[in-house]
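Student: no sequence on this one, just coordinates:
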């Protein structure tokens, strides 16, 4: 076999070399590798067969041939690299984009791990508080008989007190809401990661691309902070507001706001032509109509639902510790078989029910979900308005691609998006409301 390999190598060395570009690494770097043209597996196989290989062992021979060719290519690559044939040309902007990509990938893992941890907090703290509350309630029932030892009464009071303290902390940080924040952060950081990878695969990034992605990463860091002390988002704000995780753009001009309210009677959507970078007057009218629906229907509806969920969470967050505290006070001042033990038992049972509904039902998570959905619709509307603010169509994103992107974000096809725009325009002309929401996803 060694003689056959030697003959194959001699055959390779006798082949005239041609310069060709073999490999282009777009995802990691651009490299130009100049290798001599290698013979195919078939030619090597014929040479080995002429050297005396048995035709009956075709399977093992073919595997040996593939291994041999891989070894030869590896040797040629190493030789070319040592001789300086491989040249690396990576722009500074591309290097910076890779650094941003590494940071984004790290943040995805950080938020995923922290989210799982805080989801476990919610389950463990809820089970612990409820077990302590129900145990204290049972001890209060035993003490109500009048013959229970003092240790039972003291244990009931201590358990109620400890349960009230733990519940205060739990209601302050809202573990289910914290876990939902981290889940949203993971999804948004993975979205940025996918956009960066697609950009690196399709074209060379510029300094403006690096600056934009860096700003988006920093805005996400601020919108979904990891630490609890000093940086945690307010869980019980006075007013329910949508989440904002994107860099704040300049304020929309008054002229654009007037254009959003202005109705144009001519809207021949079927006659749209791909000109001016895919934009036309009809497409602009359609996008403004979609923005109108998102603001008046989708965002407003989720703001209303979020306000209701926030008020309910406020009531539950106050009721749980108050009921547990009343049970603790009743068990401390109770004596004999007085009605104080009955009050402690009733308050403890109600506290366990309230805690289960609040944290078992994850009302805080529902609040965060509504906040995120309202922010999503605001982001879509702002992206459309920002695109329409640019007066030069050539400086905008391609109109046809932009329309498709908006339709996919809203869970609609292009025809469904155009039908929605028609309904919005007709309803504005007739003074009525659109009978459907802009998004079909949620």
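Tutor: Right, received. Where do you want to start? Predicted model, so just to flag it, every value in this text is computed and none were measured.
Student: lowest-pLDDT helix or strand in the chain?
Tutor: helix 254-261 (a mean of 36; mean pLDDT, DSSP states H and E).
Student: Against which helices or strands is the helix or strand following that one packed?
Tutor: Counting by DSSP states H and E, the next helix or strand C-terminal to helix 254-261 is helix 281-293. When contacts are defined as 3 or more Cβ pairs under 8 Å, 6 or more residues apart in numbering; DSSP states H and E, helix 281-293 sits against helix 254-261, helix 363-389, helix 399-409, helix 414-430. Every residue, glycine included, has its C-beta placed from N, CA and C.
Student: give the contact list for residue 343.
Tutor: 326, 327, 330 (Cβ atoms under 8 Å, 6 or more residues apart in numbering).
Student: Which of the residues you listed has the largest number of neighbours?
Tutor: Within those, most neighbours by other Cβ atoms under 10 Å means residue 327, with 31 neighbours.
Student: circling back: tell me which of the helices and strands packed on helix 281-293 sits nearest to residue 198.
Tutor: Closest to residue 198 of the helices and strands packed on helix 281-293 is helix 399-409 (Cβ to Cβ; 12.9 Å).
Student: Let me have the contacts of residue 343 in a markdown table, extended by pLDDT, secondary structure and distance to residue 236.
Tutor: What follows is the contacts of residue 343, written out as a markdown table (pLDDT from 0 to 100; DSSP: H, G, I helix; E, B strand; the rest coil; distance: Cβ to Cβ, whole Å):
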| residue | pLDDT | secondary structure | distance to residue 236 |
| --- | --- | --- | --- |
| 326 | 92 | helix | 22 |
| 327 | 91 | helix | 24 |
| 330 | 88 | helix | 28 |
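Student: so residue 375 touches residue 224, yeah?
Tutor: No. Counting by Cβ atoms under 8 Å, residue 375 stays clear of residue 224, with 11.3 Å between them.
Student: So which of those two has more stuff around it?
Tutor: Using other Cβ under 10 Å, the more surrounded residue of residue 375 and residue 224 is residue 224, with 25 against 20.
Student: how close does the more buried one sit to residue 299?
Tutor: In this view, residue 224 and residue 299 are 20 Å apart by Cβ to Cβ, to the nearest Å.
Student: Using the record's domain definitions, break the protein down for me.
Tutor: 2-89, 93-234+278-430 (automatic domain parsing).
Student: so of these, which one's packed in deepest?
Tutor: Of all these, domain 93-234+278-430 carries the top mean neighbour count, a mean of 18, counting by mean count of other Cβ atoms under 10 Å.
Student: Could you measure from the most centrally placed residue in the chain over to residue 318?
Tutor: Most central in the chain under Cα atoms, centre = their mean is residue 187, positioned 1.1 Å from the mean C-alpha point. Here the criterion is Cβ to Cβ. By it, residue 187 lies 32 Å from residue 318.
Student: How about residue 278?
Tutor: From residue 278 to residue 318 the distance is 54 Å (Cβ to Cβ).
Student: Equivalent analysis for residue 241, please.
Tutor: 21 Å.
Student: who's in contact with the closest residue to residue 424 other than its chain neighbours?
Tutor: The shortest distance from residue 424 to any non-neighbouring residue, by Cβ to Cβ, 6 or more residues apart in numbering, is to residue 289 (3.9 Å). Residues in contact with residue 289, defined by Cβ under 8 Å, 6+ apart, are 420, 421, 422, 424, 425, 428.
Student: now the helices for the chain?
Tutor: 2-13, 41-50, 58-82, 92-143, 150-173, 175-202, 207-223, 254-261, 281-293, 300-333, 339-355, 363-389, 399-409, 414-430 (DSSP state H).
Student: Run through the neighbouring helices and strands of the fifth one.
Tutor: Helices and strands touching helix 150-173, by 3+ Cβ pairs under 8 Å, 6+ apart, are helix 92-143, helix 300-333, helix 339-355.
Student: between it and helix 300-333, how big is the angle?
Tutor: For helix 150-173 against helix 300-333, the angle by axes from the mean of the first three to the mean of the last three Cα atoms, to 10 degrees is 160 degrees.
Student: Quick one: residues in contact with helix 150-173.
Tutor: Helix 150-173 is contacted by residues 125-126, 128-129, 132-133, 135-137, 139-140, 142-143, 228, 232, 235, 317, 320-321, 324-325, 327-328, 331-332, 334, 344, 348, 351, 355, 358-359 when judged by Cβ under 8 Å, 6+ apart.
Student: Residues touching stretch 176-194, excluding its own?
Tutor: 101, 104-105, 107-108, 111-112, 114-116, 118-119, 121-122, 213, 216-217, 220, 223-224, 228, 232-233, 235, 243, 245, 359, 362-365, 367-369, 372.
Student: can you put the helices of the chain in TSV and add distance to residue 438?
Tutor: Below are these laid out as TSV (distance: least, Cβ to Cβ, whole Å):
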stretch	distance to residue 438
helix 2-13	64
helix 41-50	57
helix 58-82	54
helix 92-143	29
helix 150-173	34
helix 175-202	20
helix 207-223	23
helix 254-261	14
helix 281-293	4
helix 300-333	10
helix 339-355	37
helix 363-389	7
helix 399-409	10
helix 414-430	6
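Student: and those helices, which one's lowest on average pLDDT?
Tutor: Among these, helix 254-261 carries the lowest mean pLDDT, a mean of 36.
Student: excluding its backbone neighbours, what's nearest residue 140?
Tutor: Leaving out its chain neighbours, the residue that sits closest to residue 140 by Cβ to Cβ, 6+ apart is residue 344, at 4.3 Å.
Student: Sweet, I'm off.
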